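Visitor: Predicted model and sequence follow; I will ask about them next.
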Amino acid sequence: MTHAQTPPPNSLYATTRFRLTAIPDSWPSAFVIITAYAPTGQRWSDAENAATDQRLSAEIEALGVWHRRITGYSPDTGHAEPGWAVKLPVETGREIGRRFQQDAIFVIRADALGYVSCSGDRKVIWFGAFRERVDVALQ
């Protein structure tokens, strides 16, 4: 796996950065980032986004695995979407993403950052180093 692969053109995922209120003492070597907000191209009310995020939070909590709140955001547009970094296998993350109508999830493996479709091709598109895209700030 390499950090130098180029994502497809026009990928919204390729420019995403991540915001945390604090860096965890340790990260798992592999995890996924899943959100439950309206997928690309859809508009949901704040209440709908909050309700689906709460359902995702409860599902992750019930799994009893390592997880941390993390917000993905676009430095270009300012759009921000809270989600969850979760220690899960990629296929489990994809299944959860599908149930929450997500187009894709982020995949982190040994600090390599990529994304994978929740319903299409299972190939992870690798495009950078995760920790280089993490910012610490109040959310």
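Guide: Thanks, I have the structure now.
Visitor: any low-confidence regions in this structure?
Guide: Within the chain, the segments meeting pLDDT under 70 span 1-11, 40, 138-139.
Visitor: Let me see the ranges of the helices in it.
Guide: 46-63, 90-99 (DSSP state H).
Visitor: Excluding residues flanking it in the chain, which one is nearest the most centrally placed residue in the chain?
Guide: In the chain, the residue lying closest to the centroid (C-alpha atoms, centre = their mean) is Ile33, at 2.9 Å. With sequence-adjacent residues excluded and distances taken as C-beta to C-beta, 6 or more residues apart in numbering, Ile33 is closest to Phe106, at 3.9 Å. For glycine as for every other residue, the C-beta is placed from the backbone atoms N, C-alpha and C.
Visitor: any idea how far Arg122 is from that neighbour?
Guide: Separation of Phe106 from Arg122 (C-beta to C-beta, to the nearest Å): 15 Å.
Visitor: Turn the helices of the chain into a markdown table, columns for mean neighbour count and distance to Ser117.
Guide: What follows is the helices of the chain, written out as a markdown table (neighbours: other C-beta atoms under 10 Å; distance: least, C-beta to C-beta, whole Å):
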| stretch | mean neighbour count | distance to Ser117 |
| --- | --- | --- |
| helix 46-63 | 14 | 18 |
| helix 90-99 | 18 | 8 |
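Visitor: Which of these sits closest to Arg69?
Guide: Proximity to Arg69 (C-beta to C-beta) singles out helix 46-63 among these, at 8.6 Å.
Visitor: Check which helices and strands that closest one sits against.
Guide: On a contact count with 3 or more C-beta pairs under 8 Å, 6 or more residues apart in numbering; DSSP states H and E, helix 46-63 meets strand 30-35, strand 80-86.
Visitor: highest average neighbour count across those strands?
Guide: Counting by mean count of other C-beta atoms under 10 Å, strand 30-35 has the highest mean neighbour count of the helices and strands packed on helix 46-63, with a mean of 23.
Visitor: Just checking: what are the partner strands of that one?
Guide: strand 80-86 (antiparallel), strand 104-109 (antiparallel) (DSSP bridges).
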